[in-house]
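Novice: Compute the structure for the input listed below.
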Amino acid sequence: MMFTTIETQNSKGKQVVWEYITRPTFQGVDIIAELNNQFLLNIEKRYPVDSYVISFPGGICDNEDIKGQAIKELREETGFSPAEDKEISLSPLVYIDPWKSTEKTQFAHIHLAPTLPNTHQELEDLEDIHNKFVSKDSLQQEVIDLSQTTGAKIDSRLYSYALGKSFAQKYLKPKLT
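Specialist: Take a look at the predicted model:
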């Protein structure tokens, strides 16, 4: 991780300095893992905020095979595998905090195999991850409740997804006539 500054000109022609963070590997994958109308979430120790954080499973990509990396991270962090008869879909590349960082991610939507997972997680030494299934239909409220009962913080990507899903359920329901 490196702290960087750039000197540039703003839209008004004034010279400005912008500070941001960059890291050698800055492509990640976030996994929206689904099984039986539920999402599988991580509750993971995150050292920068000195707390557990509720998030989607995922991680940093070691290569350009994003679908392969998503499967690898899913198996390592949860013990689950994708359903063989379902396609893994990827979102476009999105930037996590473009005002302060070069980090970016893609979301991988994966349907989980309905069999019991390999219960052995393959965690790295710094990883401390617990998994939790939550209802797709009440995702936002369940994440809030889980945060309040465990004291875990909420990852902004998960909360943004949950908020969007909640808005869609509330405002985009077919109107009865």
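
Novice: Relative to N10, how far out is V16?
Specialist: According to Cβ to Cβ, to the nearest Å, V16 stands 5 Å off from N10. Any C-beta I mention is one placed from the backbone N, CA and C, and that applies to glycine too.

Novice: I meant to write V49 there.
Specialist: 32 Å.

Novice: my read: I71 touches A83, true?
Specialist: No: applying Cβ atoms under 8 Å as the test, I71 and A83 come out as separate, 11.5 Å apart.

Novice: and those two? which has more neighbours close in?
Specialist: Taking other Cβ atoms under 10 Å, I71 and A83 do not tie; I71 has more neighbours (19 against 16).

Novice: Shouldn't I71 be within a helix?
Specialist: Yes: per DSSP: H, G, I helix; E, B strand; the rest coil, I71 lies within a helix segment.

Novice: Which helix runs longest in this structure?
Specialist: Criterion DSSP state H: the longest helix present in the chain is helix 156-171.

Novice: Can you verify A33 is assigned to a strand?
Specialist: Yes: judged by three-state DSSP, A33 forms part of a strand.

Novice: Now do the same contact list for it.
Specialist: By Cβ atoms under 8 Å, 6 or more residues apart in numbering, A33 lies in contact with 39-40, 56-57, 74, 78, 80, 110, 112.

Novice: Quick check: buried residues in stretch 124-141?
Specialist: Of the residues in stretch 124-141, 129, 131-134, 136, 139-140 count as buried by neighbour count, 16 or more other Cβ atoms under 10 Å.
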